[in-house]
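> Build me a structure from this.
(2 chains)
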Amino acid sequence: MSLIDITEKNCIKVDLESLDKEGVIEELVDLLVNAGKIKDKQKAIDDIMEREKKGSTGLEKGIAVPHAKTEAVDKLSLAFGISKDGVDFNAMDGEYSYLILLLLAPPGASGPHVEALASIARFLTPPVIREKLKNVKSSDDIINIIIEYENS
Amino acid sequence: MNQIKKILVVINGTEQSYIASLYAVYLAILMKCELIGMYVINEKALNDLLKVKIFIDEEKVDYEKDMEKDADRYLAQFEQTAGKKNLSLKKVIKKGSIHEEVVKYVKEEDLDLVVIGELKKIVSVKDVAYDEMERILRVAKVPVLVVKGKEKIEMLYQNI
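This next block holds a predicted model:
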């Protein structure tokens, strides 16, 4: 699955304002609500936080990938956020998270959900990609980085 | 002499693989050959996500169970499709890397033809590299038939 398939400009925010994990998650959920992808905002947040309780989705090197299966969406939905100051996501390396990708999938779509997460993991692996993302100024910058990566 | 004795259809829950299954039933009737439906649970992707710690153990188990249910559901659908034309279907579920399991099974069972659904539109180089149906097309050692033309295929199936 290509990231281009599931990334939309109006679901990207390059200047997340929240200073904590819960706030950032709500900001990203709001992007999806405004894009018409979430039917039930509270259900989405509850399901994401339920997943967070089992183990933080803050990874290493400034990345967080909160995700959940939820009836609040009808199809795979991705929101992309950059926090310039970083947010404490209880990441495994103890560092703040700057690149946060929120992925929601309806129940019964485990195959595509897994493929999308695998695509995200591959995309965020090269250090040069992470550096570029941290320095973006607009959603278009992110779209261009994804397109460039996908065609490299 | 009928050279095609066993046809394998790769089922993955997409509409494309469903259309492929209709055409495979049509071919199996015409050529009087055995029909096999295969669903591969992408255990490789699950393990990769566990390795990079996007998934926790409990989650991997949960998603694997979901994918097993998907496999049962989509193969049952294929069985029904075949059954409507009085054909039996051999159902196979494997776990691992999708294209590798298909290629391995084709070799083990000495299959003659692999049938897959229409390939999705390629939007990037990475798409080509990572799309499992593309990989089957490239690495299979037997002919691979890519089924296209939904309306015509549905009509062929209805009328056989």
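
> can you pull the contacts of A:Lys75?
A:Lys37, A:Ala105, A:Pro106, A:Ala109 (C-beta atoms under 8 Å, 6 or more residues apart in numbering or on different chains). Just so you know, the C-beta spots here come from the backbone N, C-alpha and C atoms, and that holds for glycine as well.

> Looking at those, which are in strands?
Mapping the contacts of A:Lys75 onto strands (DSSP state E) picks out A:Ala105.

> Output the contacts of A:Lys75 as a markdown table; include the columns pLDDT, neighbour count and distance to A:Asp140.
Below are these laid out as a markdown table (pLDDT from 0 to 100; neighbours: other C-beta atoms under 10 Å in any protein chain shown; distance: C-beta to C-beta, whole Å):
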| residue | pLDDT | neighbour count | distance to A:Asp140 |
| --- | --- | --- | --- |
| A:Lys37 | 96 | 22 | 20 |
| A:Ala105 | 93 | 23 | 26 |
| A:Pro106 | 92 | 18 | 29 |
| A:Ala109 | 81 | 19 | 29 |
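
> Any chance of CSV for the contacts of A:Lys75, columns distance to A:Asp141?
Below are the contacts of A:Lys75 laid out as CSV (distance: C-beta to C-beta, whole Å):
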residue, distance to A:Asp141
A:Lys37, 22
A:Ala105, 26
A:Pro106, 30
A:Ala109, 29
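
> which among the contacts of A:Lys75 gets closest to B:Asn86?
Set against B:Asn86, the nearest of those by C-beta to C-beta is A:Ala109 (33.1 Å).

> surely the closest one meets A:Leu76?
Yes. With contact defined as C-beta atoms under 8 Å, A:Ala109 reaches A:Leu76; the gap is 6.5 Å.

> show me the residues around the residue of chain B found nearest chain A that make contact.
At 3.3 Å from chain A, B:Ser124 is the closest residue in chain B, using C-beta to the nearest C-beta. By C-beta under 8 Å, 6+ apart, the contact set of B:Ser124 is A:Ser2, A:Ile4, A:Ile147, A:Glu150, A:Asn151.

> try it again with 10 Å
For B:Ser124, the contact set (C-beta atoms under 10 Å, 6 or more residues apart in numbering or on different chains) comprises A:Ser2, A:Leu3, A:Ile4, A:Asp5, A:Ile146, A:Ile147, A:Glu148, A:Tyr149, A:Glu150, A:Asn151, A:Ser152, B:Tyr130.

> Same question for A:Ala91.
Contacts of A:Ala91 (C-beta under 10 Å, 6+ apart): A:Lys21, A:Ser56, A:Thr57, A:Gly58, A:Leu59, A:Glu60, A:Lys61, A:Gly62, A:Ile63, A:Ala64, A:Ser97, B:Lys53.

> swap the cut-off to 7 Å and go again
Counting by C-beta atoms under 7 Å, 6 or more residues apart in numbering or on different chains, A:Ala91 touches A:Ser56, A:Gly58, A:Leu59, A:Glu60, A:Ala64, A:Ser97.

> Report the separation between the first one and chain B.
Yep, that's A:Ser56 we're talking about. 10 Å (C-beta to the nearest C-beta, to the nearest Å).

> Show me what the lengthiest strand in chain B packs onto, helices and strands only.
The longest strand of chain B (DSSP E) is strand B:34-42. On a contact count with 3 or more C-beta pairs under 7 Å, 6 or more residues apart in numbering or on different chains; DSSP states H and E, strand B:34-42 meets strand B:6-10, helix B:15-31, helix B:57-83, strand B:90-96, helix B:98-109.

> Mean neighbour count, the ones you listed: which tops it?
strand B:6-10 (a mean of 25; mean count of other C-beta atoms under 10 Å in any protein chain shown).

> quick one on the thing from earlier: which residue, other than its chain neighbours, is closest to the residue of chain B closest to chain A?
Take B:Ser124 and drop its neighbours on the chain: the residue closest to it by C-beta to C-beta, 6 or more residues apart in numbering or on different chains is A:Glu150, 3.3 Å away.

> What does the one you found show for phi and psi?
Dihedral angles of A:Glu150 (phi, psi; degrees, to the nearest 10) stand at phi -60, psi -30.

> gap between the residue nearest the centre of chain A and chain B?
Nearest to the mean C-alpha position of chain A, counting by C-alpha atoms, centre = their mean, stands A:Leu101 at 1.2 Å. Distance, A:Leu101 to chain B, using C-beta to the nearest C-beta: 10 Å.

> ok so, going back, now flag whichever of the contacts of A:Lys75 is closest to chain B.
Once C-beta to the nearest C-beta is applied, the member of the contacts of A:Lys75 that ends up nearest chain B is A:Ala109, at 8.8 Å.
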